[in-house]
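Peer 1: Test case, fold it:
(chains A and B)
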Amino acid sequence: MSKTRRALPFLLGGILIASIWVVLWFLGLDDGLLLIAIYIPPFAALVSGIIGVAYFGQEGFMREDRFHMMNLMVALALVVFAIAETATGVIGSNETGYLAIILMQLPGLLLVALGVASYLRAITEVLNYGNDKAIAGVIICIPSGFSAVAAIIMAIAVPGALTIEFLVNIIVIAGIGALVLSLGMLMLIFRQGELAAPLSLAFSAMLLYLMRNILWCCFGVTSIEPLFQILVVESYILLGASISVARGLQDGKAEIVTK
Amino acid sequence: MEINSLYVIKRDTGLCMYHKDFQEEVFDPQLLSSFVIAMTTFFDEVTRSSKPQARAFEGADYTLIVEFGEWTVGAVSADKESQRLREKLKRIISRFENQFSLLRWVDLDLAIYARFERHVIEEFIRDRIHPDSHIIVKPHWEFYTKNPDVVSFLRLVPQICTVKDAASFLEIPLEIALNLTAEALWEKAITVKAAIREDDIYEATALTGSRKSTEVVSPEVTRVLSQLDGETPLTIAAERVKTADLKRFLGDIAVLAEKHEVELVSPAQAVVVLFSSALQELMDRCATILGRRVVHQMFFDSRETQAQIYPWLAFVDFDESLDVEVKSSLMSAAGKRRITPEILNDGFRNFLHSIMRNTRSYVGAKPANVILDRTREEMGKQFPRRYLDIEWELLNV
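Peer 2: Sure thing, here's the model as predicted:
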């Protein structure tokens, strides 16, 4: 099987779900949309996660193999996201559950962050791309700065909007932003090689995930709003596709480009 | 290139007019000159050539290189033939014919040995001595030389030291120390070993060596010997025995080499070690980026392709723990000079290039070249002098 062909079922699944969502939305079938918003996210995360664990869990934790570790961490994170999304579905109708919903994403995000950060660190070390601390500083400072500015603007423009939930969400957004930046940096480094494929899928996935949290931030606590949830479903599917392509790279022969 | 003896023979009589044994005497000079003249005449007769045809006669462990002058024949006994040696021999014959042209017509005592010595030293001795060369003064050296300059030089220098150290010790210009060393070597009062460099690879021949039973082996020396496995450059060995003074460590190696307890590995073996180290560095870096499975696959794909041209690459292996392993059969063939350094160099270079091309397809050209640069830098630390033997610029993708 070709390395990228492994991602095809995921991509087709993603397109299918998005199409169904659009059709239901046009038809105004709110019940159907709600069902999708509640049941599909945990299902998508679980399927992607299990496939990922099956691919990368066979060899166990190989701490010295950072690429393997990153993919395994993302796969485990997807399983954790599946649990978090199930809980979101359960408490989603309750407005006071907002903080709990955000906090439930954290273990999964932490796993992704660990995997990506350790891989990025290994890459900068091997390729000698500047000082580790400086890179980490840039990756953390840029999204943190944006989040802080957004929080200040919000506090000035909408008095009383600066709730504890909002602040927690802003911090989580800064964290996801750092993840997106890290993946973007990795994608940029390997843009000419086959490694760019799984990295760009993961980058797109985390970008969609970030968008959901930004939408939460802007439009309030409608945690199971179908539009927001479709973004996260696509995000999980893309993460699954990324893991599959990564596995394909490990199994397939290199396609040598002769110049 | 080890030169054993030099002979200058008169062509028409077959008389050896000048000879010098740089090491032990191998041939009787008159016997050898008769042989050379007989053989060259024989070949000329057989081929009916007006120009002398013979170029060299090969023995089991020596080669007799022959060059013809206008009325003399020069012969050098060496371990192998080289163009450089041939050029030197031509120059010696030419100088001899110019200086002693009278001997073409008459036989006279022209004090050839005393007067021609300077040219031979200049041609065959002086260029073997470098500022970093090690002087090893022979025991009872005073029996070998009566030259007052050499005697006073050898009286003051340590038993083993470099020429540069001897110059600074005696506070004399380096050029004079080099000349005195050449004269001492000419007199056979010393032996000179090429400078021991940090990235030379030595192999312990025996842990007890030639010591007498009463001689105590210091733990430090034993530790050093245990590190000299024929695969480790001296810099790394020095690090492993935690030596604080690299210069002293190299001096110890010189002493051990003099006692034949360690010996320099063959050039082919050195090439294998250099390239396998480079390969290991490259694979480690690729494994960090691409993961173990990919580099494994990459290694064996590249090897499979290259082994069609260089079958000996099948003896270069890559195990589960990502260690590049050179099988003992290849190491042994290299050690016994059954495979030339040039072939090894070509094969390994193509192998590395194939891996680089594979790496490029995964990570892109720029990161692949950065990986190569980092590998070169690391190799520069391990093999400060020899890392440039790898043509790095050809490996860029």
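Peer 1: How about chain A: which residue is closest to chain B?
Peer 2: Closest to chain B within chain A is A:Gln192: 2.8 Å, counting by Cβ to the nearest Cβ. All C-beta spots, glycine's among them, are computed from the backbone N, C-alpha and C.
Peer 1: check contacts around that residue.
Peer 2: For A:Gln192, the contact set (Cβ atoms under 8 Å, 6 or more residues apart in numbering or on different chains) comprises B:360, B:363-366.
Peer 1: and it, that's in a strand?
Peer 2: No: according to DSSP: H, G, I helix; E, B strand; the rest coil, A:Gln192 belongs to no strand; its state is coil.
Peer 1: check contacts around A:Ile156.
Peer 2: Taking Cβ under 8 Å, 6+ apart as the definition, A:Ile156 has no contacts.
Peer 1: How far does whatever helix or strand it lives in sit from its chain's centre?
Peer 2: Element membership of A:Ile156 [criterion: DSSP states H and E] is helix A:132-157. Chain-centre distance of helix A:132-157: 19 Å, with Cα atoms, centre = their mean, to the nearest Å.
Peer 1: about what we covered before: and the residue of chain A closest to chain B, its phi and psi?
Peer 2: When read as degrees, to the nearest 10, the backbone of A:Gln192 gives phi -90, psi -10.
Peer 1: hmm, back to that, so which bits of the helix holding A:Ile156 are buried?
Peer 2: Within helix A:132-157, the residues scored as buried using 16 or more other Cβ atoms under 10 Å in any protein chain shown are A:135-136, A:139-140, A:143-144, A:147, A:150-151, A:154.
Peer 1: so which one among these has the lowest pLDDT?
Peer 2: For those, the weakest pLDDT value sits at A:Met154, with 79.
Peer 1: Contact partners for it?
Peer 2: Counting by Cβ under 8 Å, 6+ apart, A:Met154 makes contact with A:161-162, A:166.
Peer 1: do B:Ala184 as well
Peer 2: If you count contacts by Cβ under 8 Å, 6+ apart, B:Ala184 has them with B:135, B:141, B:145, B:150, B:153-154, B:190.
Peer 1: Which of the three states applies to it?
Peer 2: Using three-state DSSP, the structure places B:Ala184 in helix.
Peer 1: Which pLDDT value belongs to it?
Peer 2: pLDDT, read off for B:Ala184, is 91.
Peer 1: ok, it to chain A distance?
Peer 2: From B:Ala184 across to chain A, the span is 49 Å (Cβ to the nearest Cβ, to the nearest Å).
Peer 1: so where do the helices sit in chain A?
Peer 2: A:8-27, A:30-56, A:66-91, A:98-127, A:132-157, A:164-189, A:196-219, A:226-251 (DSSP state H).
Peer 1: give me the low-pLDDT residue ranges for chain A?
Peer 2: Residue ranges of chain A with pLDDT under 70: A:1-4, A:63, A:92-97, A:220-224, A:252-259.
Peer 1: I believe B:Ala268 is in a helix; please confirm or correct that.
Peer 2: Yes: remark: B:Ala268 belongs to a helix, assigned using three-state DSSP.
Peer 1: count of neighbours near it?
Peer 2: Neighbour count of B:Ala268, defined by other Cβ atoms under 10 Å in any protein chain shown: 23.
Peer 1: Just the element for the nearest residue to it once chain neighbours are set aside, please.
Peer 2: Of all residues not flanking B:Ala268 in the chain, B:Ala334 sits nearest, at 3.9 Å (Cβ to Cβ, 6 or more residues apart in numbering or on different chains). Using DSSP H and E, B:Ala334 sits within helix B:328-335.
Peer 1: in that helix, what's buried?
Peer 2: Residues of helix B:328-335 classed as buried under the neighbour-count rule (16+ other Cβ under 10 Å) are B:330-331, B:333-335.
Peer 1: Check stretch A:102-111 too.
Peer 2: Using 16+ other Cβ under 10 Å as the burial criterion, the residues of stretch A:102-111 that qualify are A:102, A:104-106, A:108-109, A:111.
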